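S.K.: Test case, fold it:
(2 chains)
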Amino acid sequence: MNQTQTQTTAAERDETLPPFGNYHLDHAYDEMFESASVPRAQYAALHQRVLDLSREEFVRRQKAADLSFLYQGITFTVYGDKAGTEKIFPYDLMPRIITGAEWSHIERGLTQRITALNMFIHDVYNDEKILKDGVVPRELLASCKAWRKEMRGLKVPKDRYIHVVGTDLIRGEDGGFAVLEDNLRVPSGVSYMLGNRTVMKKILPVLFQRYSVRPIDDYTQYLFQTLRAVSPRALDQPTIVVLTPGVHNSAYFEHTFLARQMGVELVEGRDLVVHRDHVYMRTTAGLRRVDVIYRRVDDDFIDPEVFRSDSMLGVPGLFRAYQKGNVALANAIGTGVADDKAVYAYVPRIIKYYLGEDAILPNVETFILGEKKDREYALANLDKLVVKAVGESGGYGMLIGPHSTAAQREEFRAAINANPRNYIAQPTIMLSRAPCFVDGQVEPRHVDLRPYILYGDEVKIVPGGLTRVALKKGSLVVNSSQGGGSKDTWVLY
Amino acid sequence: MLSRVADSLYWMGRYLERTEGTARLLDEHLTLMLDIVPASAPMRWRRFLSSLCLDEVDRPGYDARDITREFTTDEENSASIRSCIAAARENARQVRDTLGAEMFEQLNRAYFFIREASFDAIWDEGPTEFLRRIRESACLFHGITDSTFSRNEGYHFIRLGCYIERALMTVALIDSYREFYSDSEEAASPTPEEHLDWITLLKCCTAFDSYRRRYTAEVKENCVLEFLLLDPDFPHSVRFCIDRIAEGLEIVGQNAPHRDRTSATRIAARLQADLTYGSIEEILAENFANHLSTLRQRCELIHEKVNAIFIEYPIERELARPSLGESGEFRMPSGDTLIRPMA
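M.R.: Numbering: from 1, shown residues only, chains lettered A, B, ... in the order given. The predicted structure is shown next:
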């Protein structure tokens, strides 16, 4: 696999060009350089190392990293790609570096946000105080596909709904971090974060040693503790399983990885059976009771008795067992009500309502197209905005105004007018850019950051997270399912 | 462990054994073809195809190149080495979390190796090196497994798969030779070409050196058959395979106290007794074809029992048991804790 995405021909590419010869700054915040050829303090050692290593050396190490990923089978499914089911997860060798101070700020902001969102979810499925107080419009929830009426009044262990969260952060032109979106249903990518770190330590050990990087290896241990904390039976060793849709799911590698790291069973729907409102798994020794399910199957598919009846991935009767409190699900059913893109716009108000605080991490400016004024503005400015379909994930159902054709804009105009509540719009944010090794040179590419937050007895955030890269020059789409890649994220002490 | 996982491990074991066996079979037959009269090649290729339990043993021209392609890189042939490795790897992929990282990596390497291989290059260089690498890949996998895999339930299901497949392949191979020589006259010692055949049979079972240590260089039909069917110490003998199968069934059978766990061990144990106390003279005095056929059936029956007891048991039968519910827990064996039947 190679990352050659540049348009230069062999003739144009100067073999004697220094590594940063093609690195041109623009108005996007640059993670590495504060001005031309002047690296920020935290990138100084990386800058020097790149200059010290020859181009051949870098290419050799990139190839070694590629092989490492290939042989380990760290692959990803790209929907719609002709190449088939498996592709090596694209990866860039240059670490993205975050200072300790920057991270502290992020950590506080995320802790605050997740705490408030969990309270919100509990409220909308129980007393609905925030709706009654008119802080969030009731119609918004009523039209939210992810809101599940079956969850009303259902008691979940420790009132914890969101155990595993991936929140996407971007860094704007002023260098400040903002939240782009929350992922509270089935967030993925943590295995790539862990895989990246393993490979980095092997491929660039000298560089790694020059920095004091905070470790992330504890993630699966914390995940295990989080899951154990919500077991309905107060056992020393409750039975925890990871429920996967199976090998054809794009994140299957991650499911196996996490199950193996935690030392728990990886099951598919067909391995589980519900009897008298208890969940069992089918083993060679007979049926074994299950306490906690870390489920990587969407609400829609998880129980054909209650949700989609055509689902082959779920367990008939699972919701019954859940209702009776005989099994815990992480994350809970119906958490999508809080990561709905229309609800996103209200999150700062949600934080204020439950915690009495201003949001430490701001939202990106968002127009709610279900509201007339916002919709009129958006329709008049489609070529400048990013329009997103609420409830879609993975970068699909999105219009990137400045890069769109007139035909695409018309398509979206029609869709918006047909179902305005289904869309939000945001100004095109110039995502920050970080150095990537591209075809023998170092060039900037747009990145975002997805930290992973665990919420068991307390909030735990592993330092860093997945830095996602839009590998195509100029592209702003970082999602892995559409061909984005990732970098290791180094949070310094 | 999960029934589905046990099933995948078992089949992974079977496909790996099949891969190794097919590679060896093909390699030895290609070598054999160099030493025999060309006119007799077709018969020997038919024998090769028959030993792989294929129904269709006719091939136009019995061309060595075509047959080699068919059984190495041909994707369309489900019995090709490529298909077998792909099947082994697919089963492994389904249960990746159970295998060690090194085990899966090794299988992945083998898979990519054969997937990228060009048959023309293989044939031009001479297929021996390619086939050796295939065998080496399989052996490497077993070596890594032996070294890194805990001797837990999963391990025993893999071994069961390997030994059941090995037993079946060995019986089929012997049967194909029996058929081949059924029309020939009894000879005190074999003709030069027959001599080569028996050596090839031994080599297909990795048995040539061990045979000579046991019986000297004189290759006699009775001794070869005795060695391959009844020898207790040689890893490719049918007796050895059944011994390992019986052991494996005892171990995994501990986990199924409430089902008819003895039905599988009983079949294996009786087979074991026949192979332990049988003599080759008695076996050859009777209908040898029937004997081999029965042997094959009994091995296949063991496979069916394993499936019925551990994999595809009906839920309804399990749920009907009164001991299920809060008190009806089955504890997984950890170390020395065995599962006892519920009261």
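
S.K.: tally of neighbours for B:R133?
M.R.: B:R133 has 16 neighbouring residues, counting by other C-beta atoms under 10 Å in any protein chain shown. Every C-beta, even on glycine, is put in place using the N, C-alpha and C of the backbone.

S.K.: Tell me where the chain is predicted with low confidence.
M.R.: Since you didn't name a chain, this refers to chain A. By pLDDT under 70, the weakly predicted segments of chain A are A:1-16, A:71-73, A:75-87, A:391-396, A:479-483.

S.K.: my question was about chain B
M.R.: Regions of chain B meeting the criterion pLDDT under 70 cover residues B:182-190, B:257-260, B:316-343.

S.K.: What ranges does the stretch 151-300 of chain B have for its helices?
M.R.: Assigned by DSSP state H, counting those that start in this stretch, the stretch 151-300 of chain B shows helices spanning B:153-181, B:192-204, B:208-215, B:221-230, B:238-253, B:262-277, B:280-285, B:288-306.

S.K.: now these as CSV including distance to A:Y252 and mean neighbour count?
M.R.: Formatted as CSV, those follow (distance: least, C-beta to C-beta, whole Å; neighbours: other C-beta atoms under 10 Å in any protein chain shown):
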stretch, distance to A:Y252, mean neighbour count
helix B:153-181, 19, 23
helix B:192-204, 38, 19
helix B:208-215, 43, 15
helix B:221-230, 43, 20
helix B:238-253, 27, 22
helix B:262-277, 33, 17
helix B:280-285, 50, 13
helix B:288-306, 27, 17
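
S.K.: Make JSON lines from these and add distance to chain A to it.
M.R.: As requested, those are arranged in JSON lines below (distance: least, C-beta to the nearest C-beta, whole Å):
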{"stretch": "helix B:153-181", "distance to chain A": "7"}
{"stretch": "helix B:192-204", "distance to chain A": "31"}
{"stretch": "helix B:208-215", "distance to chain A": "34"}
{"stretch": "helix B:221-230", "distance to chain A": "31"}
{"stretch": "helix B:238-253", "distance to chain A": "7"}
{"stretch": "helix B:262-277", "distance to chain A": "12"}
{"stretch": "helix B:280-285", "distance to chain A": "35"}
{"stretch": "helix B:288-306", "distance to chain A": "10"}
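
S.K.: Rebuild those as CSV, extending it with distance to A:G21.
M.R.: Output for the helices of the stretch 151-300 of chain B, formatted as CSV (distance: least, C-beta to C-beta, whole Å):
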stretch, distance to A:G21
helix B:153-181, 54
helix B:192-204, 61
helix B:208-215, 63
helix B:221-230, 69
helix B:238-253, 63
helix B:262-277, 70
helix B:280-285, 79
helix B:288-306, 64
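
S.K.: Can you tell me the element A:A425 falls in?
M.R.: strand A:423-427 (DSSP states H and E).

S.K.: Phi first, then psi, for the residue lying closest to A:Y493 once chain neighbours are set aside.
M.R.: Leaving aside its sequence neighbours, A:Y493 sits nearest to A:S212 (C-beta to C-beta, 6 or more residues apart in numbering or on different chains; 4.5 Å). Main-chain dihedrals, A:S212, degrees, to the nearest 10: phi -100, psi 100.

S.K.: wait, what's in contact with B:L295?
M.R.: Taking C-beta atoms under 8 Å, 6 or more residues apart in numbering or on different chains, we find B:L295 in contact with B:V171, B:V238, B:L271.

S.K.: who's in contact with the last one?
M.R.: Residues counted as contacts of B:L271 (C-beta under 8 Å, 6+ apart) are B:I242, B:A246, B:L295, B:R298, B:C299, B:I302.

S.K.: follow-up on the earlier one: distance to A:F20 for the contacts of B:L295 - can I get that in TSV?
M.R.: Shown next, in TSV, are these (distance: C-beta to C-beta, whole Å):
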residue	distance to A:F20
B:V171	68
B:V238	68
B:L271	72
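
S.K.: nearest to B:Y111, of these?
M.R.: B:V171 (28.4 Å; C-beta to C-beta).

S.K.: Tell me the spacing between that closest one and A:Q225.
M.R.: B:V171 sits 53 Å away from A:Q225, going by C-beta to C-beta, to the nearest Å.

S.K.: Quick check: the two most widely separated of the contacts of B:L271?
M.R.: Longest distance between any two of the contacts of B:L271 is 14.6 Å, between B:A246 and B:L295; criterion C-beta to C-beta.

S.K.: Now the residue nearest the centre of chain A: closest residue in space, sequence neighbours ignored.
M.R.: Chain A has A:G166 as the residue nearest its centroid, 4.5 Å off, counting by C-alpha atoms, centre = their mean. In this structure, A:G166 finds its nearest non-sequential neighbour in A:P187, 3.1 Å apart by C-beta to C-beta, 6+ apart.

S.K.: Great, nothing more from me.
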